[in-house]
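**Q** heads up, no residue letters with this:
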């Protein structure tokens with residue numbers, strides 16, 4: 001069974017980018033997300049110095065700003081800012097569909113031997 005630590009977005013690090021005024025969250029899967037701090041209600045109006053004191057908690061499940069009394073769950077933050085769980089699952093499925101393997105190639109050859117994919121019916125004659 002796959003654990004949530006293997007599938008849920010987790011932060012490897014987080015920082016405030018002084019040059020752009022955005023928060024940057026680096027995930028363990030190699031993705032990085034940057035967004036303006038005003039997207040998070042507890043960070044609206046916070047000074048850059050306070051925003052720069054972000055900490056990653058646990059195994060990357062949470063981000064906290066102790067001086068501001070703010071804490072955000074990383075998976076919920078990613079879902080809120082960048083898409084729903086269904087959208088993320090669909091994106092992962094699209095990426096997996098692009099993977100090439102001998103098993104997929106064998107299935108395609110077997111399907112081709114049966115005549116391949118059925119043709120779509122022509123609709124609306126011009």
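**A** Structure received. This is a predicted model, so every value here is computed, not measured. Numbering: from 1, shown residues only.

**Q** just the strands in this structure please.
**A** 11-17, 22-27, 32-35, 55-57, 62-65, 70-73 (DSSP state E).

**Q** now the first one: mean pLDDT?
**A** Strand 11-17 shows a mean pLDDT of 97.

**Q** distance from the chain centre to it, please.
**A** 15 Å (CA atoms, centre = their mean, to the nearest Å).

**Q** which other helices and strands contact that strand?
**A** Secondary-structure packing of strand 11-17 (3 or more CB pairs under 8 Å, 6 or more residues apart in numbering; DSSP states H and E): strand 22-27, strand 55-57, strand 62-65. C-beta coordinates here come from the backbone N, C-alpha and C atoms, glycine included.

**Q** mind doing that once more with 10 Å?
**A** If contacts are counted by 3 or more CB pairs under 10 Å, 6 or more residues apart in numbering; DSSP states H and E, strand 11-17 sits against strand 22-27, strand 32-35, helix 48-51, strand 55-57, strand 62-65, helix 74-82.

**Q** what's the angle between it and strand 22-27?
**A** Orientation check (axes from the mean of the first three to the mean of the last three CA atoms, to 10 degrees): strand 11-17 against strand 22-27 gives 170 degrees.

**Q** which residues touch strand 11-17?
**A** By CB atoms under 10 Å, 6 or more residues apart in numbering, the residues outside strand 11-17 that reach it are 22-34, 37, 43, 46, 48-65, 72, 74-75, 77-78.

**Q** please redo it, this time with the cut-off set to 6 Å
**A** 23, 24, 25, 26, 28, 51, 52, 54, 56, 60, 63, 74 (CB atoms under 6 Å, 6 or more residues apart in numbering).
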